[in-house]
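Chemist: Next comes the sequence, and after it the predicted model I'd like to discuss.
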There are 2 protein chains.
Amino acid sequence: MEQLLQSVKIGINQKIYVKDPESSELGKRIVEQSILMINEMGFESFTFKKLGAKIGSNESSIYRYFENKHKLLLYLTSWYWGWLEYQLVFATNSIADPKTKLEKALDIVTKTTVEDSAFSHINEVLLHKIVINEYSKSYLTKEVDIENKEGYFVIYKRLVLRISKMIQELDSNYKYPNSLASTILEGSLHQHFLKDHFSSLTDCHEDDDPTKYFLQLAFSSLKS
Amino acid sequence: MEQLLQSVKIGINQKIYVKDPESSELGKRIVEQSILMINEMGFESFTFKKLGAKIGSNESSIYRYFENKHKLLLYLTSWYWGWLEYQLVFATNSIADPKTKLEKALDIVTKTTVEDSAFSHINEVLLHKIVINEYSKSYLTKEVDIENKEGYFVIYKRLVLRISKMIQELDSNYKYPNSLASTILEGSLHQHFLKDHFSSLTDCHEDDDPTKYFLQLAFSSLKS
DNA sequence: TAAATAGTGATAGTAATACTATTATATTTG
DNA sequence: CAAATATAATAGTATTACTATCACTATTTA
C-alpha cells in the first residue's frame, strides 16, 4: 500500500493557492508547520507572521503561496478530504456487497485518523483535529456561494456523494441518501468534538469512536 | 399563548454580559440591530463600531453591555436556544405518550422558525439564520473548555439533554440517546445550511424542512 | 559566459480591528 | 439641589492582514 501511495498526489483546485506548495521545500514547510501551529493555537490566533517566524522565513514569502489564511485553511481541509476519499475508494473498490461496502466506508469516515507515512510533511492525525475544530469556518462565510462556484469544495462534495451513492445502492427506495451522507460526515466531526469538550452530549467516550453509533443509525434507516 | 409569554424573560447567564441589555432601551437596540447587521454582513465583518454608527450611538457605549463581539454572539445564540427550549417545554409538557412527545419535540427543533410577536425587539426568524450560520463559531475556539466551565453553554446542553431524555423514555434500551439528540440539533442547522448553499448535499429543498428526514432517522433507530 | 529571470528575505507602510482610557454631558435618583 | 449614573465623543494602542519595494542569490537560458 505504501509503495502504491508514494506516487499519489492529492489533487487540489489550483485556484486555492497562488503557487503550489508541493512544488518547493518552502511550500512543504509552510504546509507542515501551519498544521502544527493551527493545532496548537487555533485558527484565530494563527497568523502568517507567526508562521514566517517559525519556519525561519518571512510573512511576504508565505503570501506567494497563499493569498490569505482562509485559503490556506481551504487547502489543508481539501487535502484532508482528498486523502480520506482516497482511503475510502481504495478500501471499498473491490467490495461487491453493498452492505459490506457501506460498512467499510462509514468505518473509514468516522474513525479517528491514524498516521500515514506516505506523505512525510503532512501529519494526518493533527490535520483530522484541525478539520474537527476548524472545517466549518471555511464554509460558514458570506463568500460561500462564490467560493463554491469557484470549486473550492468539490472534493468534500464528491466524498458526500460517494457515500450517498453507496446508500442508494443498498436501498434504492430510501428517500434521504444525500441528507444521511452529509449528516454522517458532518456529524462524525461533531461527535469527535463533543467527545473532547462536551462529553455529556455524546455517548462516545475515551478511545471510543462514533463509528458504532453511525453504523446503527444508518442501517436502522436502510432496508437491506 | 401570547399573553402567557408576555411576562416571560429568557434567562441568560449573567457572566455573558457586562450589563443586562434587557435593562435599557439602548441595550435592546444593541440586541435588535446586531441581529439585523450580523445577518446582513456576517459575523466576521460585523464590528461594534459599525453597530454604534447604525444605532446612533458609540462603540464605547456598546462595550458597557458586552465585553466583545464573541460574548454578544454567545448572548444571541443562548437567547435563541432558551427561546426554543421554552417552545419545546411548552408544547410537549402535556403530552403523555412518549412517541407523540418526541415527534412534537423534533418538529419544533428542526422546523424553520416562524415569527413570535412576544419579544418585540428580537426577530426570531433572523436569529435562527444567525444560529445556522454562526453558532458553531461560538464553541469552536481554544477557550471552549473555560467558557463551558463558566456556564456559557448551559442552555444548549440542557436542550440536548431534554431531547435525550425523551429518547430514553421511548426506548430505554437505545444505546446512543445523547449522540442522537446532539446529532439532530446540530444536524438540523447543517441541513438548513446545505439547503441554502449546497443543495446537492441534502434532500430538503425549497420550503421543505429537514423535519421528515430527522423523524425517519430517529424512529428507525428506536424501538417503539 | 553573461544576462535574464525566478524565488526568497527584509523592511516599511497602510487601513482596519479590537479594544482601553479619559473627559464631557445628559439624565435619573436621594 | 447635589450626587450618582448612563451615555457620547474623542483619542490612543497593539495587532492584524495585508501591499509594495528592494536586495540578494540561485538557476536558467541565449
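Modeler: Received, thanks.
Chemist: Can stretch A:56-75 be said to contact chain B?
Modeler: No: under the criterion of CB under 8 Å from any CB of the partner chain, chain B is not reached by stretch A:56-75; the shortest gap measures 9.7 Å. All C-beta spots, glycine's among them, are computed from the backbone N, C-alpha and C.
Chemist: Next: stretch A:203-220.
Modeler: Yes: among the residues of stretch A:203-220, A:Asp203, A:Cys204, A:Pro210, A:Tyr213, A:Gln216, A:Leu217, A:Ser220 lie within reach of chain B under CB under 8 Å from any CB.
Chemist: I figured A:Asp145 was touching B:Phe198, is that so?
Modeler: No: here A:Asp145 does not reach B:Phe198: they are 9.6 Å apart, not a contact under CB atoms under 8 Å.
Chemist: Compare the two (neighbour count), which wins?
Modeler: B:Phe198 (20 against 12; other CB atoms under 10 Å in any protein chain shown).
Chemist: so how far is A:Ser182 from that one?
Modeler: Applying CB to CB, to the nearest Å, the value for B:Phe198 to A:Ser182 is 8 Å.
Chemist: With A:Leu159 instead?
Modeler: A:Leu159 is 10 Å from A:Ser182, by CB to CB.
Chemist: repeat for A:Asp208
Modeler: 23 Å.
Chemist: now do A:Tyr139
Modeler: Counting by CB to CB - A:Tyr139 and A:Ser182 are separated by 12 Å.
Chemist: can you count the residues close to the closest residue to DNA strand C within chain A?
Modeler: Nearest residue of chain A to DNA strand C (CB to the nearest atom of the strand) works out as A:Ser57 at 3.2 Å. For A:Ser57, the count of nearby residues is 16 (other CB under 10 Å).
Chemist: Same check on the one 10 residues further on?
Modeler: One way to gauge burial is a neighbour count; for A:Glu67, by other CB under 10 Å, it gives 14.
Chemist: What of A:Lys212?
Modeler: 17.
Chemist: Which helix or which strand is home to it?
Modeler: helix A:211-221 (DSSP states H and E).
Chemist: Which strands or helices does that helix pack on?
Modeler: helix A:98-110, helix A:177-197, helix B:177-197, helix B:211-221 (3 or more CB pairs under 8 Å, 6 or more residues apart in numbering or on different chains; DSSP states H and E).
Chemist: How about the backbone phi and psi for the closest residue to A:Met41 other than its chain neighbours?
Modeler: Distance criterion CB to CB, 6 or more residues apart in numbering or on different chains; nearest residue to A:Met41, sequence neighbours excluded, is B:Lys142 at 6.9 Å. Phi and psi for B:Lys142, reported as degrees, to the nearest 10, are phi -70, psi -10.
Chemist: circling back to that earlier point, neighbour count for A:Leu159 and A:Ser182, which is higher?
Modeler: Using other CB under 10 Å as the criterion, A:Leu159 and A:Ser182 rank with A:Ser182 on top: 28 against 21.
Chemist: contacting residues around that one?
Modeler: Neighbour list for A:Ser182: A:Val160, B:His190, B:Gln191, B:Leu194, B:Phe198, B:Leu201, B:Thr202 [criterion: CB atoms under 8 Å, 6 or more residues apart in numbering or on different chains].
Chemist: Residue numbers of chain A in contact with DNA strand D?
Modeler: Residues of chain A lying near DNA strand D by CB under 7 Å from any atom of the strand: A:Ser45, A:Thr47, A:Phe48, A:Lys49, A:Glu59, A:Ser60, A:Tyr63, A:Glu67, A:Asn68, A:Lys69, A:His70.
Chemist: Report pLDDT for the second one.
Modeler: It refers to A:Thr47. At A:Thr47, the model reports a pLDDT of 98.
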